[in-house]
Each structure stands twice: as structure tokens, then as C-alpha cells.
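> Need a 3D model of the following:
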Amino acid sequence: MAPPNSNAWPSPTPAVFSPQTLADLKRLQQAALSSDYAYKQVAHLANNIGPRLSGSVQAAKSVQYIASELKAMGCEVQLERVMVPHWVRGEETAALVQFPGQAENTTQKIVLCALGASVATPADGITAEVITVRNFDELKSLPRDKVAGKIVLFNYPFDKQMAAEGRGGEAYGEAVVYRGDGPSAAARQGAVACLIRSVGGADYRLPHTGQTTYADDAPKIPAGAVTAEDADLIVDLVRQGAVKMKLTLTPQQLPDVESYNVIGDIKGSEHPEQVIIVSGHLDSWDLGTGAIDDAAGVAVSLEAANLIQKLHLKPKRTIRVIAWMNEENGLAGSKQYDKDHEKEWSNHFAAMETDGGAGHPIGINITGKFEIKKLLAPVLAALQESGAGGTNFAEHIGADIEPMEKAGVPAFSPMQDSRFYFNYHHTAADTLDKIVPKELAENSAFVSVLAYALANMEQPLPR
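Numbers count the residues shown, from 1 in each chain. Have a look, this model is predicted:
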């Protein structure tokens, strides 16, 4: 036995959370589960303002609206100026004008949408033969003269079975590379346009839009997404013989527009210089009204600040709500924040982004050291009451917070039920009715509890 006054006695483990903080987390959770504030925010963004593509008047209106909401709840608000792209969709039509077994003087309508950043076809469209490939390897295996002058369709299916198992993000990741890199790959072999099979589930003849990325070493050719059903139709007909399509896309890339990240701070009572970011992105695609992608993420972030203020809680560190601009087609908001704040990363205690819809949260995604899970054990125990106590360590969590992740700032997001998200994501069906109020409130509870817990930890997170 060690003699008295020696240093051999084990010292008590310092508490990560005070009893007061744990009691406050309980209050926050209960308040969030019974609040309809977040739902009202989603409803206003989706229904009253509508689609919010960067550069649009609706995007500008949403900036003013969110700034006024944050001011009303007593946050210190600033608008961080960002120059954003202004791409406008225009007209989009396609029809099969020649195909095996065709009845005289008929065409077959193809349902499609332009991909973000797509260039236009000539005003009177492109009429060309369509060839179909399953993947990049199949395209590369074709001699150039089989591709030159033709429209290429990448028929890579979204893995619906994987999504049904709750791995929607993985299914999306596998298929989305064709949306990003397909047009340039086709152009390198002389194609005059590129189409992809829509990246998503729910075959209700819905096209899914999203950004494409033109490579510097390839000509820019018109790019669109056809519905899964139309991809199947084209593949079936091409198997039988020559198929010709008339394709018209008239998008325009207008000059960049001034916009803003909306930032609202609840200043920390003890360490105001240390910041916990709670965020979602304010812009959306233009086909739907951007309810699940990502009015939901903005709304649950606002709700966290709203409830902390309403319950008169005093975070020790600063809680910073950010509504990011231009996540969908450029990440200009994220890049601007990185430029303006990169010297402050050591004081960014943690970053959160919610950008996976409003499905029931089942746990927490973490980018950071494994010890974080142990430190957050009391928080996970509290979250488990609404079924959100699981953990998943991920390499990457949120597009807008990626610069912080790369700088070693611990990052978090709700791990959500993703079985149905990609049925609606980037489609005309991303509308308010897809939000289940109870599940949105569960996400609000998750974000509020985690944000306040991080703000009031008695020790730093490991980096």
C-alpha cells in the first residue's frame, strides 16, 4: 500500500460533462422533441421561398430570411460575402426519332433533365445516334469511331438493394461518378452529348439532376440525366438496332452573382474564441423545393440555437450556426469560409453539418480520433433514448465542412435512415411532404444535444 502523501494513488478521472450540463442536455432533448419551430422553417424555405439554386432571386431571399430569424433569437449575425455561379436550366427535351419497329411518323418521348453546369446544344438541338455503355471501362474499350459524333448513355444503375439495407450513401457514391466524370470521358472519344441513368431510386420516371464537372482536357458537351425507365428503354432498343435521338438543352451560365453564407453566433460565456459550428446548406437544386436537401439541415441548426436561447442556457464555447451558400454546384461558400477563417482552425473546437435529409437519426457520424466516442459516452446514452445512440467513424462527413475536417477539426453529423432519401434527392419530388415532422424533431434533438454538449465539455476533444 502506498504511503500517505505519495503520488501513487490513482487520481480521479476528470469529468467530461458536469451534472448541470447533463441535466441541461435532457431539457434540450425534451424541448426539441416537442417543438415545431424547425418544421415551420423547412415549410417557409420550401413552400414560401421555393427552389434556391445559387444566383437565383429565391436564394437571395432565403439569405435575408435566415438572417432575420437568427437576429430574432438574439444571435450575433454576419453575412459572409461569397461570389457564386449562376447557372439557369432552360428548356430540356429529348425524343427518339428513329428506332427498330417504329410506327410511321412517331417518336418516343424521353424524360430527362440537364446536369448542373451543362452547356447548351445548338438552338435547334442535336440529332444523333445513341450508344449505351455500362461503365467507363466499356466506353474505353470502344474504338473512337464507334463513339465519335454519337450521344453516349452511361447506364450504370443505382444499387437499390444497397439503399434498402440503409446504405444509401454508398449506393449514391458508386453511381454519382458517372454524373461527375461521364461527360468528359465521352467527349474525349468524340461524343457530341452525354446522358447518364439518373442517380437515385424510386422509378416513377423522375430524372435526378446534380452537378457535372468538365475536365480541362476534354471538350464541353451537353450533359443530362434520363430517368431509369428511359435508360432501360434506350438500352433495349439499341440492342435491336440503330437508335437516333433528338436532344435539346438550353441552359445558360450567367455571370457570377454576389451571395452570402449566413452566420449566427451565440457567444460562449467562458471561451468565446472557441467555436462549435452547427450547419446546413441554404441553396438547393431547382427541380423541387429543396425541403430534404437541405432546408431540413438549416432548420435543425436554427432549432439548436433557438432552444438554447429559449431555455436561457449558457454555452461555455461559442455556438455558430451557418447556413452555407452554394453547396450544390460549386461549394463557393465553403471555400470562402476556409479562406476567411483558416488561421482560426485551432479555435474551431468541432464542426457539424446536417445534409442527409430528415430521416430518423440512428446515431452519430464522427470524423476524428477514436477516443472521441468514449468521451461522448454520456451524450450517446442520452441520444439513445430516441434511438440515436449508435456511432460510425467516417473519413468524410459534410461537403461544406470538409476544409475543417482536413485541418483536423473533429467533425460530426447525424447518421440518418437513408433508405428513401435518394428516391427524392435532386428531383422535382424534393418537397415539404417528404418531411416527417416527428423525425425532423428527432434530428433537432440530436443536433441541439450534441452542439450544447460540445460547447460545455470540461476538456478538449483530441486531435
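> care to break the protein down by domain?
The record's domain parsing of the chain by automatic domain parsing lists 19-87+255-455, 90-250.
> Is it possible to get those domains out as a markdown table so that each row also shows mean pLDDT?
Output for the domains of the chain, formatted as a markdown table (pLDDT from 0 to 100):
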| stretch | mean pLDDT |
| --- | --- |
| domain 19-87+255-455 | 97 |
| domain 90-250 | 97 |
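> Determine which stretch of those domains is the most buried.
domain 19-87+255-455 (a mean of 21; mean count of other Cβ atoms under 10 Å). Where C-beta positions appear, they are placed from N, C-alpha and C, glycine not excepted.
> that older thread, I'd like to know which of the domains of the chain lies nearest to residue 462.
Among the domains of the chain, the nearest to residue 462 by Cβ to Cβ is domain 19-87+255-455 (4.4 Å).
> which other helices and strands contact the strand or helix carrying residue 86?
Element membership of residue 86 [criterion: DSSP states H and E] is strand 76-88. Strand 76-88 is packed against helix 57-72, strand 252-266, helix 332-341, with contacts defined by 3 or more Cβ pairs under 8 Å, 6 or more residues apart in numbering; DSSP states H and E.
> Out of the ones you listed, which is closest to residue 418?
The nearest among these, by Cβ to Cβ, is helix 332-341 at 22.1 Å.
> can you point me to the longest helix in this structure?
helix 168-188 (DSSP state H).
> before we move on, back to that, out of the domains of the chain, which gets nearest to residue 463?
The nearest among the domains of the chain, by Cβ to Cβ, is domain 19-87+255-455 at 4.9 Å.
> And the strands in the stretch 351-463 of the chain?
Applying DSSP state E, counting those that start in this stretch to the stretch 351-463 of the chain gives strands spanning 361-367, 390-393, 411-416.
> what angle do the longest one and helix 168-188 make?
Counting by axes from the mean of the first three to the mean of the last three Cα atoms, to 10 degrees, strand 361-367 lies at 60 degrees to helix 168-188.
> And the last one, by the same measure?
Orientation note: strand 411-416 sits at an angle of 110 degrees relative to helix 168-188 (the same axes, to 10 degrees).
> tell me how far strand 411-416 is from the chain's mean position?
12 Å (Cα atoms, centre = their mean, to the nearest Å).
> Does it pack against any helices or strands, and if so which?
strand 348-353, strand 361-367, strand 390-393, helix 437-455.
> Sheet partners, orientation included, of the third one?
What that stands for is strand 390-393. Sheet pairing for strand 390-393, assigned by DSSP bridges, gives strand 361-367 (parallel).
> Please report how far the residue positioned nearest the centre of the chain lies from residue 136.
Centroid-nearest residue in the chain, with Cα atoms, centre = their mean: residue 355, separated by 4.2 Å. Residue 355 is 27 Å from residue 136, where distance means Cβ to Cβ, to the nearest Å.
> returning to that earlier point: contacts for the strand holding residue 86?
Residues from elsewhere that reach strand 76-88 (Cβ atoms under 8 Å, 6 or more residues apart in numbering): 53-56, 59, 63, 67, 70-71, 116-117, 251-267, 283, 325-326, 329-330, 332-333, 336-337, 340.
> Using PDB, write out every CA atom in that strand.
This file holds the C-alpha atoms of strand 76-88, laid out as PDB (Å, rounded to 0.1, in the frame of the first residue of the first chain):
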ATOM      1  CA  GLU A  76     -24.900  37.900 -33.400                       C
ATOM      2  CA  VAL A  77     -25.400  37.800 -37.200                       C
ATOM      3  CA  GLN A  78     -23.000  38.400 -40.000                       C
ATOM      4  CA  LEU A  79     -23.300  37.900 -43.800                       C
ATOM      5  CA  GLU A  80     -20.100  36.500 -45.300                       C
ATOM      6  CA  ARG A  81     -19.900  37.600 -48.900                       C
ATOM      7  CA  VAL A  82     -19.400  34.900 -51.500                       C
ATOM      8  CA  MET A  83     -19.400  35.100 -55.300                       C
ATOM      9  CA  VAL A  84     -21.500  32.200 -56.600                       C
ATOM     10  CA  PRO A  85     -22.100  30.700 -60.000                       C
ATOM     11  CA  HIS A  86     -25.400  31.500 -61.700                       C
ATOM     12  CA  TRP A  87     -26.500  28.600 -64.000                       C
ATOM     13  CA  VAL A  88     -30.000  28.600 -65.400                       C
END
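> The residue nearest to the centre of the chain is in contact with residue 413, isn't it?
Yes. Using Cβ atoms under 8 Å, residue 355 is in contact with residue 413, at 7.4 Å.
> Need the overlap of contacts for those two.
Contacts common to residue 355 and residue 413, judged by Cβ under 8 Å, 6+ apart, are residue 398.
> next SSE after the longest helix of the chain?
Next along from helix 168-188, by DSSP H and E: strand 193-197.
> Just list what the next helix or strand after that following strand packs against, helices and strands only.
Note on strand 193-197: by DSSP H and E, the next helix or strand toward the C-terminus is strand 223-226. With contacts defined as 3+ Cβ pairs under 8 Å, 6+ apart, the packing partners of strand 223-226 are strand 92-98, strand 112-114, helix 168-188, strand 193-197.
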